[in-house]
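# below is the sequence, then the predicted model.
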Amino acid sequence: MAADPIHQFRIIDLFPVAHIGHTEIVFTNSAAFMLAAVVVITAFLIIGTAKRSLVPSRLQSAAELSYEFVATTVRSTAGSEGMRFFPFVFTLFMFILTVNMIGLIPYTFTVTSHIIVTAALAITVFLTVLLYGLYRHGFHFFNLFVPKGVPIYILPLIVFIEVLSFVSRPISHSVRLFANMLAGHITLQVFAGFIILMGSAMGAIGWAGGILPFGMIVILMALETLVAFLQAYVFAILTCIYLNDAIHPGH
Amino acid sequence: MADTRGDKDDRKELPDDEAALSARLQRLGERIATANRPSENVTGSRQAADASAFAKGFRMSTELVAGVLVGALIGWLLDRWLGISPWGLIVFLLLGFAAGVLNVMRAAGVVRNNNLTD
């Protein structure tokens, strides 16, 4: 069972919450880890900012650093006007980062390794961009699909391609995060499986040889930590780039 | 008498002080503004998004695949609804491929996104 690399992604029903029609709404391990992430973030930020000392403690600096980091990202990508979306981007970034980091701890469940979760986040971003763009600019928002300086005879084709490019955003946005987490965790599990295989097949020599895949796991773990952070950052910055389209569509 | 004069002198000096203070405040404001300005740079942050080559490569491939997938999906749905199989799939697969290439070129910064240049 331990050697099955897919086993770690299994959804386990913990207890039923409600019934909608004939569909049972169940509190799963995925929901439990999401809740855990929310609790961790809330505790981190509340405890970190509780003292508000002029010379910050380590926790306070970490909390301030995360704020500054996201604020700089938002301001540099979507401009000062984009700061009205700061709470949204900050929530996304902290949630994805925390969930990814929790998933790196052995025996935990990685919420972002399920495409339904990342797709829900990406579609939220997509709808926010679409609805805010329409609310803010009305019909002018569709100028986004009409690039300037294109000859009139290929304009219909270009508009079609631009619309397809716009619609494909939530897919690439969600698949990137999901596939990175899935692939990384499977790789880790496979290398861990090698140790067991070698040990059980060749006895003492096998266990000694298991040092090689174990070293690989250590290296991969460092890489996965980087990927966990980087994917949260990429998700946040792409959200900002998309929001920028809603704030300043083509002009 | 002397007291009131002294008071007046104080009042005379006060606006000078305030003027000096507000001038200093203004200078400080300008310095803060110039210090903050480099972070309002659009192109720099787009490069920062692709911090590692691995992430960059992965981003390109997902952009391309997403475009093709969306094109194929729309084409297939049109085929089913309008009964024009296989033309919807053929046309939209090609359009989706074009959209995917456009996505990749934008992600790579080859084509400047007209919406982002401001």
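Done, it's in. Numbering: from 1, shown residues only, chains lettered A, B, ... in the order given.

# C-alpha from now on. contacts and neighbour counts both.
Noted.

# what are the ranges of the strands in chain B?
Counting by DSSP state E, chain B has no strands to list.

# how does it divide into domains?
Annotated domains of chain B cover B:1-40, B:51-118 [automatic domain parsing].

# so which of these comes closest to A:Tyr132?
domain B:51-118 (15.8 Å; Cα to Cα).

# lowest average pLDDT across the domains of chain B?
For those, the weakest mean pLDDT is recorded on domain B:1-40, namely a mean of 66.

# so who does residue 103 touch?
Because you didn't say which chain, this covers chain A. A:109-111 (Cα atoms under 8 Å, 6 or more residues apart in numbering or on different chains).

# not quite, I wanted chain B
Contacts of B:Asn103 (Cα under 8 Å, 6+ apart): A:165, B:63-64, B:67.

# distance to A:Ser80 added to the residues you listed, as CSV?
As requested, the contacts of B:Asn103 are exported to CSV (distance: Cα to Cα, whole Å):
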residue, distance to A:Ser80
A:Ser165, 26
B:Glu63, 28
B:Leu64, 31
B:Gly67, 31
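
# tell me the buried residues within the residues you listed.
A:165, B:63-64, B:67 (16 or more other Cα atoms under 10 Å in any protein chain shown).

# between those, which is closest to B:Asp16?
Out of the buried ones among the contacts of B:Asn103, the member with the shortest distance to B:Asp16 (by Cα to Cα) is A:Ser165, at 60.8 Å.

# find the nearest non-adjacent residue to that closest one, please.
Leaving aside its chain neighbours, A:Ser165 sits nearest to B:Ala99 (4.9 Å; criterion: Cα to Cα, 6 or more residues apart in numbering or on different chains).

# end to end on stretch A:14-34, go ahead and measure it.
End-to-end span of stretch A:14-34 (Cα to Cα, to the nearest Å): 14 Å.

# residues touching it, excluding its own?
Counting by Cα under 8 Å, 6+ apart, A:11-13, A:99, A:109-111 sit against stretch A:14-34.

# what strand or helix carries A:Pro16?
strand A:13-20 (DSSP states H and E).

# surely B:Gly88 touches B:Asp79?
Yes: with contacts counted by Cα atoms under 8 Å, B:Gly88 reaches B:Asp79, the gap being 5.4 Å.

# I'd like to know how far the residue nearest to A:Ser165 sits from A:Phe160.
9 Å.

# looking at the two, which is more packed in?
Between B:Ala99 and A:Phe160, counted using other Cα atoms under 10 Å in any protein chain shown, the more crowded position is B:Ala99 (31 against 18).

# for A:Val39, helix, strand, or coil?
Using DSSP: H, G, I helix; E, B strand; the rest coil, the structure places A:Val39 in helix.

# typed the wrong thing, it's A:Tyr107
Judged by three-state DSSP, the three-state class of A:Tyr107 is coil.

# could you tell me how many residues sit around it?
9.

# just the pLDDT for it.
At A:Tyr107, pLDDT is 87.

# swap in A:Ile154?
pLDDT at A:Ile154 comes out at 86.

# neighbours around it, how many?
As a burial measure, A:Ile154 scores 9 neighbours (other Cα under 10 Å).

# same thing with A:Glu68?
12.

# could you say what helices and strands the host helix or strand of it packs with?
Using DSSP H and E, A:Glu68 maps to helix A:58-78. Using 3 or more Cα pairs under 8 Å, 6 or more residues apart in numbering or on different chains; DSSP states H and E, the elements in contact with helix A:58-78 are helix A:29-50, helix A:86-104, helix A:211-247, helix B:42-49.

# try it again with 6 Å
Applying 3 or more Cα pairs under 6 Å, 6 or more residues apart in numbering or on different chains; DSSP states H and E, one finds that helix A:58-78 contacts helix A:29-50, helix A:211-247.

# next one: the longest one to chain centre, how far?
Helix A:211-247 sits 8 Å away from the centroid of its parent chain (Cα atoms, centre = their mean, to the nearest Å).

# and it, which residues are buried?
A:213-214, A:217, A:220-221, A:224, A:227-247.

# and if you look at the first one?
Of the residues in helix A:29-50, those with enough neighbours to count as buried (16+ other Cα under 10 Å) are A:29-31, A:33-34, A:37-38, A:40-41, A:44-45, A:48-49.

# centre of the chain to it, how far?
16 Å.

# out of the contacts of A:Gly103, who has the most neighbours?
Neighbour max across the contacts of A:Gly103 (other Cα under 10 Å) = A:Val111, 26 neighbours.

# which residue packs closest to it, ignoring adjacent ones?
A:Val111 sits nearest to A:Ser30 (Cα to Cα, 6+ apart), 5.7 Å away.

# about what we covered before: give me the buried stretch members for the helix holding A:Glu68, please.
A:60, A:62-63, A:67, A:70-78.
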